[in-house]
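Asker: Need a 3D model of the sequence below.
(one chain, ligands or ions: 1)
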Amino acid sequence: MYEALVRWRQRAGPAASLSVLEQCLRDLDLNQLADQITRTAVSPTGRGHASERGAVGGELTGEVQSRYPSVTIDRRFPIIVFERLNFPEDSVLGRGGFAAVEKAYHRDWSQHVAVKRLLTRQLTGSEQELLYSEARKLNLGSRSDHVISLRGVCLDPNFAIVMPYMENGSLAELLRDVDVPWALRWRMAHEISLGMTFLHCQNPQILHCDLKAENVLLDGDFHVKISDFGLSKWKAESRVVTKTSPEGSTITHAPPEYHADINLPPNTKFDVYSFGVLLWEIVTRKQPYALAANSALITMAVTMGQRPDLTLIPTDREDVTSVSELMQTCWSQNPEDRPPFNDCADRLRHVKDRFSQEEIRQAIIAVEKMKAEASRK
Ligand code: ACK
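Answerer: Residues are numbered from 1 along each chain as shown. As a prediction, this is how the structure comes out:
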């Protein structure tokens with residue numbers, strides 16, 4: 001191992017930095033590290049094979065890696081040439097802390113994509129690493145039908161994540177504008193639980209840490225894609241990785257134990273709690289704690305056991321009652337009482353299966369009509 005590392009350092013030059021090694025260890029991706037060591041040992045230039053125009057699949061030159069010394073460029077990422085993307089006016093879909101998501105048109109692929117890139121040109125290594133780490137989690141999560149996939153990454157002029165463009169925006173936006181029929185709401189709730197089950201089953205586990213209706217995107221057929229892994233974490237037992245706290249997570253969706261101790265390493269029960277609040281959003285189409293004067297009050301009330309308003313939950317439907325019971329178990333005060341996502345998925349499948357495929361199809365037609373009407377207003 002030591003000899004391999006020495007050889008790697010000699011051959012890869014500036015690309016073989018300590019921070020690259022550290023990043024691999026932090027992500028506990030020893031396979032990738034092994035991959036990188038053997039790759040540079042066999043091919044010092046690591047020249048890539050262009051697989052299609054506008055996207056270079058595979059290995060990267062040492063020159064490219066040396067421009068990104070603080071991150072390990074994954075040779076499995078397709079590289080997308082930034083110049084092939086057209087950004088129309090008003091391309092910005094949304095902005096986060098240090099990154100923005102924009103709609104772009106890929107000239108070779110003749111289709112729209114969503115591009116997440118850093119807001120400033122003055123990059124700090126850690127912001128770049130965060131975005132890069134998000135790309136790696138997305139790449140892993142992408143194997144689920146219900147997690148947004150990674151089309152590739154741009155390296156020039158700055159690092160950017162390229163994802164498919166989701167025609168129907170976010171679930172938050174849809175719920176705000178449209179009284180979505182129950183058949184479709186339950187399909188969405190079920191698909192979110194499937195996406196989360198998949199993420200929690202990865203090795204190392206991927207914790208989302210910011211699950212909410214805004215981070216659930218909808219494709220052209222209103223199928224769910226979980227997105228925004230900006231605050232997500234690798235879950236592993238190593239001290240190196242678990243020093244993270246879910247800093248920045250949305251306060252309304254964060255569980256009481258994190259209000260009490262912000263240094264607590266997140267775990268799967270964090271996401272299950274957030275899912276409980278998300279089910280409440282799906283059922284009520286409202287914002288949790290909309291009347292609270294400030295976030296300190298929310299923190300205090302949640303720590304003392306308060307939750308989003310149950311009086312807004314309809315009481316005349318069996319399916320709603322069944323989901324409401326699950327929702328309340330998910331946001332239990334004691335994390336141990338919260339069910340794993342595969343249990344949530346089983347329960348939601350039963351609720352969803354009360355409706356036929358035809359009823360779901362009709363629900364989609366109705367939603368498309370209501371959306372069109374809402375956009376004309
Ligand atoms: O509610 P929205 O329209 O859906 O606003 C947010 C915003 O960007 C910040 O996250 C939108 N967004 C994010 N990723 C995508 C995507 N892949 N396709 C379409 N919209 C997206 C999200």
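
Asker: What is the helix or strand hosting residue 189 packed up against?
Answerer: Under the criterion of DSSP states H and E, residue 189 resides in helix 182-201. If contacts are counted by 3 or more CB pairs under 8 Å, 6 or more residues apart in numbering; DSSP states H and E, helix 182-201 sits against helix 125-141, strand 205-207, strand 216-218, strand 224-226, helix 268-284, helix 318-330, helix 341-352, helix 357-376. Every residue, glycine included, has its C-beta placed from N, CA and C.

Asker: Now do it against helix 357-376, angle only.
Answerer: Helix 182-201 runs at 100 degrees relative to helix 357-376, counting by axes from the mean of the first three to the mean of the last three CA atoms, to 10 degrees.

Asker: Centre of the chain to helix 182-201, how far?
Answerer: Relative to the centre of its chain, helix 182-201 is centred 14 Å away, using CA atoms, centre = their mean, to the nearest Å.

Asker: where does residue 180 fall, helix, sheet strand or coil?
Answerer: Using DSSP: H, G, I helix; E, B strand; the rest coil, the structure places residue 180 in coil.

Asker: so how far is residue 326 from it?
Answerer: 18 Å (CB to CB, to the nearest Å).

Asker: out of these two, which sits in the busier spot?
Answerer: Neighbours per residue, other CB atoms under 10 Å: of residue 180 and residue 326, the larger number sits with residue 180, 22 against 19.

Asker: check contacts around that one.
Answerer: 174, 188, 285, 363, 367 (CB atoms under 8 Å, 6 or more residues apart in numbering).

Asker: for residue 193, same thing?
Answerer: 275, 341, 344-345, 348.

Asker: Which single one of those is nearest to the ligand?
Answerer: Nearest to the ligand among those: residue 275, at 18.7 Å, using CB to the nearest ligand atom.

Asker: That closest one reaches residue 196, doesn't it?
Answerer: Yes - applying CB atoms under 8 Å as the test, residue 275 and residue 196 come out as touching, 6.6 Å apart.

Asker: what residues are shared contacts of the two?
Answerer: 211, 341, 344.

Asker: Looks like the second one contacts residue 275 (just checking).
Answerer: To tie it back to what came earlier, the one meant is residue 341. Yes - using CB under 8 Å, residue 341 is in contact with residue 275, at 7.4 Å.

Asker: Spell out which parts of the stretch 1-150 of the chain neighbour the ligand.
Answerer: Listed as neighbours of the ligand in the stretch 1-150 of the chain under the rule CB under 6 Å from any ligand atom: 93-94, 101, 114, 148.

Asker: which of residue 275 and residue 196 has more neighbours?
Answerer: residue 196 (29 against 26).

Asker: Count the neighbours of the closest residue to that one other than its chain neighbours for me.
Answerer: Among residues not flanking residue 196 along the chain, residue 341 sits closest, at 4.5 Å (CB to CB, 6 or more residues apart in numbering). Neighbour count of residue 341, defined by other CB under 10 Å: 24.

Asker: and if you look at residue 251?
Answerer: Around residue 251 there are 17 residues (other CB under 10 Å).

Asker: contacting residues around it?
Answerer: Residue 251 neighbours (CB under 8 Å, 6+ apart): 295, 298-299.

Asker: Assess the claim that residue 82 and residue 153 are in contact.
Answerer: No - assessed by CB under 8 Å, residue 82 is found out of contact with residue 153, at 10.1 Å.

Asker: what sits in contact with each of the two?
Answerer: Joint contacts of residue 82 and residue 153 (CB under 8 Å, 6+ apart) are residue 160.

Asker: Of those two, which one has the most company?
Answerer: Set side by side, residue 82 and residue 153 show more neighbours around residue 153, with 24 against 18, by other CB under 10 Å.

Asker: Does the more buried one lie in a helix or a strand, and which?
Answerer: strand 152-154.

Asker: so what pLDDT did residue 45 get?
Answerer: Note on residue 45: pLDDT of 33.

Asker: Kind regards, and thank you for your time.
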